[in-house]
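>>> sequence? don't have it. structure:
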């Protein structure tokens, strides 16, 4: 298969273009605007299911709270930055509390929601409810 | 102080290199905190999504260069629906003003945050001089 040997930089370029093209998407409209824009969320479709990818570097897992209700997911927590007493040359990282709600316009299976936090990225696997999936209709 | 400050999304700054890259893909500048203790210089960089094996740290001509590469295989087969941030590799270069003991540099990667400890070379450390 040729695709397996494709230039990895090219994949990144294509992916970035695909992301760029979607920034203007009205898929969620104003539904995610709860309290504050942090953390930034990307939503992907994976087959029938939804995958939300959230950039949250440097968070303690115990400081992160994820709640799900119907088709709404709440991501709340606190980001702390602790340094010993020293002379600070540069301070760019932000810290504080955040609370954000994401509502997806599909029915979710709340028991099947999985969250994974790795390398500073939170991935929320949101399976679509069985009753919401399209089904084939037999023509009699 | 700012215990309850509301967090804002920091727009990712694109990495500008003097040498142009051969591919049109984007690289971003990781946000950084730098602090100095009498013994060492500490550099903390946020590179979400970068595994610890994909980090490159180099010191050359008094410049510290850090590069973090993203594992793109996780994004295979995904269709973007709603996007708030772009993704890419990370790169950043700092000019070091102090002499650094290159053999003793320690790096730790945890939850997408890279902590670099750059111990100062013996001659660069402050020392007290007793007046007789």
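On my side now, so go ahead. Predicted, not measured: the structure shown is a model, and the values here were computed from it.

>>> Do you have the strands of chain B handy? List them.
Applying DSSP state E to chain B gives strands spanning B:13-14, B:27-29, B:32-36, B:40-46, B:50-60, B:63-70, B:79-82, B:89-95, B:106-110, B:113-119.

>>> Show me what the fourth one pairs with in its sheet, parallel or antiparallel.
Looking at strand B:40-46 with DSSP bridges, its paired strands and their directions are strand B:32-36 (antiparallel), strand B:113-119 (antiparallel).

>>> Can you lay out these as TSV showing mean neighbour count and mean pLDDT?
To be clear about C-beta, it is placed using only N, CA and C from the backbone, and glycine gets the same treatment. Shown next, in TSV, are those (neighbours: other C-beta atoms under 10 Å in any protein chain shown; pLDDT from 0 to 100):
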stretch	mean neighbour count	mean pLDDT
strand B:32-36	19	92
strand B:113-119	21	93
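
>>> I'd like to know how far whichever residue of chain A sits closest to chain B sits from residue A:108.
In chain A, the residue that lies nearest chain B is residue A:120 (1.8 Å; C-beta to the nearest C-beta). Using C-beta to C-beta, to the nearest Å, one gets 25 Å for the distance from residue A:120 to residue A:108.

>>> check whether stretch A:98-107 contacts chain B.
Yes: counting by C-beta under 8 Å from any C-beta of the partner chain, contacts between stretch A:98-107 and chain B involve residue A:98.

>>> That stretch spans what distance, first to last residue?
When the termini of stretch A:98-107 are compared using C-alpha to C-alpha, to the nearest Å, they are 25 Å apart.

>>> what about the worst-scoring helix or strand of chain B on mean pLDDT and chain A, any contact?
In chain B, no helix or strand scores lower on mean pLDDT, DSSP states H and E than strand B:13-14, which sits at a mean of 82. No: if you take C-beta under 8 Å from any C-beta as the test, strand B:13-14 misses chain A, and the best it gets is 9.6 Å.

>>> ok, that strand: who's next to it in the sheet?
For strand B:13-14, the paired strands and their directions (DSSP bridges) are strand B:27-29 (antiparallel).

>>> Point out where chain A drops to low pLDDT.
A:1-9, A:22-36 (pLDDT under 70).

>>> how about the strands in it?
A:41-46, A:49-55, A:64-69, A:72-79, A:87-91, A:96-103, A:114-118, A:121-126.

>>> any chance of the ones you listed in JSON lines, plus mean neighbour count?
Below are these laid out as JSON lines (neighbours: other C-beta atoms under 10 Å in any protein chain shown):
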{"stretch": "strand A:41-46", "mean neighbour count": "20"}
{"stretch": "strand A:49-55", "mean neighbour count": "22"}
{"stretch": "strand A:64-69", "mean neighbour count": "14"}
{"stretch": "strand A:72-79", "mean neighbour count": "19"}
{"stretch": "strand A:87-91", "mean neighbour count": "13"}
{"stretch": "strand A:96-103", "mean neighbour count": "19"}
{"stretch": "strand A:114-118", "mean neighbour count": "13"}
{"stretch": "strand A:121-126", "mean neighbour count": "20"}
